[in-house]
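Novice: Fold the following for me, if possible:
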Amino acid sequence: MISVILRNSLQKIFNRRCIRLVHQNHEPIEVKEAKDSCPVSSHNEWDPLEEVIVGRPEGACVPTFSIEVKANTNQKYWGFYETNGGEPFPQEHVKQAIAEVEEFCNILRHEGVVVRRPDILDWSEEYETPDFKANGLYAAMPRDILIVVGNEIIEAPMAWRSRFFEYRAYRSIIKDYFRKGAKWTTAPKPEMKDELYDKSYPIKSVEDRRVLAEQGKFVTTEFEPCFDAADFMRAGKDIFVQRSQVTNRMGIEWMRRHLGSEYKIHEISFNDPNPMHIDGTFNIIGPGLVISNPDRPCHQIDMFKKAGWKVVTAADPVMPDSHPLWMSSKWLSMNVLMLDEKRVLCDTNEIPTIKMFESLGIKPITVNLRYANSLGGGFHCWTTDVRRRGTLESYF
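Specialist: Here you go, the predicted structure:
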């Protein structure tokens, strides 16, 4: 009887823990048995956050002023790109951004979140493929290149040539997750030939771009799949995406086929002359709760209202015109990171946004991210949430 009890106890321990295997070279390998032991698991933007990747400003370089960069940047900064393309961003500004992001990481850790960081690489080095030459950009915005769906990390086939090798900064982290049981998928790497870009795309007139966007015409063509992960927004089994200057319909269709019938991909659009990344326009912050940019209204907003969702108009940003925003807009004020349904990370300076969250019964945890904003992103952009405590649900 004692031996039977002992055997059953050992079997339970065996089933709960990792099995230690030994190769012929006697090197131990851990194989995860329990499905809930995977370190990667995230289904939406608001479940309790447990682990996150935070980007790095170190070594950030101004991208070469090519057609896809020109189509996605504010005309007031074109001279900056023409003069500084291929060179580091202003170093004093980057130094301030580094300090801000370090404090951001410290606050995340204080709130009980595990923080992972990409490798520091030299982004100034020029590289060449058979189809183009470019220098790198940075590893500041993991949200652009990585999306987690369930226990799978997907690397996005981004559209900017300056971001072709950006994945290299994240590979050590992703390989670690893979060894611990996560799924890992890299979408088809685009060739980025000239055919991917509409060289005749009219980029001087905002109104022309607005008309073209409503017609579904952008600087990226349908030559091959491309998308930035930041054009997708997750709400359990429903995932929302916009066709943008960096995400084409082939990219959206690739994601739809890849994820299969368990998920529904909804393509939505906005009154936006220059769409690029959805979370400064439409940010889902809870089950059936979304912040909407009043300057870029959603054409399909009735679809959400009919489903019983609460649509909150974003508070006006207070970013001063004097502050440089080389790769973004003032609406990074709504680009926030939910720690859970009742806690949000937002910018210390954005008092109207802070009050908006308080009115919703959500506690703001504030951090100054102004210099980091200049490099192109807010809290959501600077992160990829790796693990949130929750299950796959339907909210739509």
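Novice: Number of residues surrounding the closest residue in space to residue 347 that isn't next to it in sequence?
Specialist: With Cβ to Cβ, 6 or more residues apart in numbering as the criterion, residue 347 has its nearest non-adjacent residue at 5.4 Å, and that residue is residue 369. Glycine gets a C-beta too; all of them are placed from N, C-alpha and C. If you count neighbours by other Cβ atoms under 10 Å, residue 369 ends up with 26.
Novice: now residue 90
Specialist: 17.
Novice: measure it to residue 274 for me?
Specialist: 24 Å (Cβ to Cβ, to the nearest Å).
Novice: State whether residue 224 and residue 190 are indeed in contact, as I suppose.
Specialist: Yes - using Cβ atoms under 8 Å, residue 224 is in contact with residue 190, at 5.1 Å.
Novice: Please enumerate the shared neighbours of those two.
Specialist: Residues touching both residue 224 and residue 190 (Cβ atoms under 8 Å, 6 or more residues apart in numbering): residue 196.
Novice: mind checking the end-to-end distance for stretch 286-293?
Specialist: For stretch 286-293, the first-to-last residue distance is 16 Å (Cα to Cα, to the nearest Å).
Novice: buried ones in that stretch?
Specialist: 286, 287, 289, 290, 291, 292, 293 (16 or more other Cβ atoms under 10 Å).
Novice: Please, which helix or strand holds the most centrally placed residue in the chain?
Specialist: By Cα atoms, centre = their mean, the chain has its centre lying nearest to residue 143, at 1.7 Å. Using DSSP states H and E, the element containing residue 143 is helix 142-145.
Novice: do residue 257 as well
Specialist: helix 249-259.
Novice: name the helices or strands packed onto that helix?
Specialist: strand 238-241, strand 264-267 (3 or more Cβ pairs under 8 Å, 6 or more residues apart in numbering; DSSP states H and E).
Novice: so how many other residues sit close to the nearest residue to residue 71 once chain neighbours are set aside?
Specialist: The shortest distance from residue 71 to any non-neighbouring residue, by Cβ to Cβ, 6+ apart, is to residue 219 (3.8 Å). Residues near residue 219, counting by other Cβ under 10 Å, number 26.
Novice: Residue 200 is in contact with residue 219, correct?
Specialist: No - using Cβ under 8 Å, residue 219 is not in contact with residue 200; the gap is 9.9 Å.
Novice: Which residues outside the helix holding residue 143 are in contact with it?
Specialist: 53-55, 118, 155-156, 158, 163, 166-167, 170, 228-230, 277, 279, 377, 380-384.
Novice: And stretch 337-357, by the same measure?
Specialist: 45-49, 104, 107-108, 111, 113, 285-287, 312, 314-319, 332-334, 336, 361-370, 373, 378-380, 383, 385.
Novice: Now, of those, which are buried?
Specialist: For those, buried by 16+ other Cβ under 10 Å: 45-49, 104, 107-108, 113, 285-287, 312, 314-315, 317, 319, 332-334, 336, 362, 364-367, 369-370, 373, 378-380, 383, 385.
Novice: Next one: the residue nearest to residue 71 from residue 137, what distance?
Specialist: Taking Cβ to Cβ, one finds residue 219 at 17 Å from residue 137.
Novice: Residue 393 now?
Specialist: From residue 393 to residue 137 the distance is 36 Å (Cβ to Cβ).
Novice: between those two, who's got more neighbours?
Specialist: The neighbour comparison of residue 393 against residue 137 (other Cβ under 10 Å) goes to residue 137, with 28 against 13.
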